[in-house]
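*Asks:* okay, sequence plus prediction incoming.
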Amino acid sequence: MSRLASAAVLAAASTSTVAPGTTGQALGYPSLFLLVLIGALVPVVPTGALVSSAAVVAFHRTAPFSLALLFVTASLAAFLGDVALYWLGRRGMRSKNGSRWLKAIRSRAPEERLEQARGKLADHGIAVLVLSRLVPAGRIPVMLACLMAEWPLRRFARGNLPACLAWAVTYQVIGILGGSLFEEPWEGVALAVALTVVISVVPGLVRRVR
């Protein structure tokens, strides 16, 4: 499934899960939490598009409190997913034969991006980790650089917390802006998905052109 198709599917899911009313919210937020958590562990789920789309629906159909709950849900799920993936990666680094999780991390960190991440991490430390979640395809190379630098889990978690908070705020703001421009939620969702896809695709195209 393409990135655009995945984003569209998750956007459609968000419009049904983050729904008005107590029952809809009771079902919607656990679903959102689970999807973002899975997306952090398996970096093929467009979690940014999901959060932005859910923010559009929350902006149109629910009270402001729901936007705050959406922020907490998304940032917590992203943080726990990152920490779990890093812990699994550390286990693989300590094992003689590695692990499938470590291999998956390595497969998503091209050598050039990894070398850049290692250099920036050595120069700027935690600041690079914070920014890595806001840069498309930047999270995994920086995470692998932290693993190769033998950062303890506590240090990684300390830097990853503000990274996840900034990530959740960024994509939620995209959703709120999209929702504020249109009267119908689906129009805002379409714009939010389009923006998140553009944000994720353009840097890769620029690198290929270079």
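*Replies:* Thanks, I have the structure now.
*Asks:* list the contacts of residue 33.
*Replies:* Residue 33 is in contact with 73, 74, 76, 77, counting by C-beta atoms under 8 Å, 6 or more residues apart in numbering. For every residue, glycine as well, the C-beta is placed using N, CA and C.
*Asks:* list the helices and strands whichever strand or helix holds the second one packs on?
*Replies:* To tie it back to what came earlier, the one meant is residue 74. Using DSSP states H and E, the element containing residue 74 is helix 64-94. Counting contacts by 3 or more C-beta pairs under 8 Å, 6 or more residues apart in numbering; DSSP states H and E, helix 64-94 is packed against helix 22-41, helix 47-61, helix 100-107, helix 139-148, helix 153-181.
*Asks:* between that helix and helix 22-41, how many degrees?
*Replies:* 30 degrees (axes from the mean of the first three to the mean of the last three C-alpha atoms, to 10 degrees).
*Asks:* does residue 92 touch residue 102 like I think?
*Replies:* Yes. Judged on C-beta atoms under 8 Å, residue 92 makes contact with residue 102 at a distance of 2.9 Å.
*Asks:* helix, strand or coil for the residue lying farthest from the centre of the chain?
*Replies:* In the chain, the greatest distance from the average C-alpha position (C-alpha atoms, centre = their mean) is reached by residue 96, at 30.4 Å. Following DSSP: H, G, I helix; E, B strand; the rest coil, we place residue 96 in the coil state.
*Asks:* and it, what is it in contact with?
*Replies:* The contact partners of residue 96, by C-beta under 8 Å, 6+ apart, come to none.
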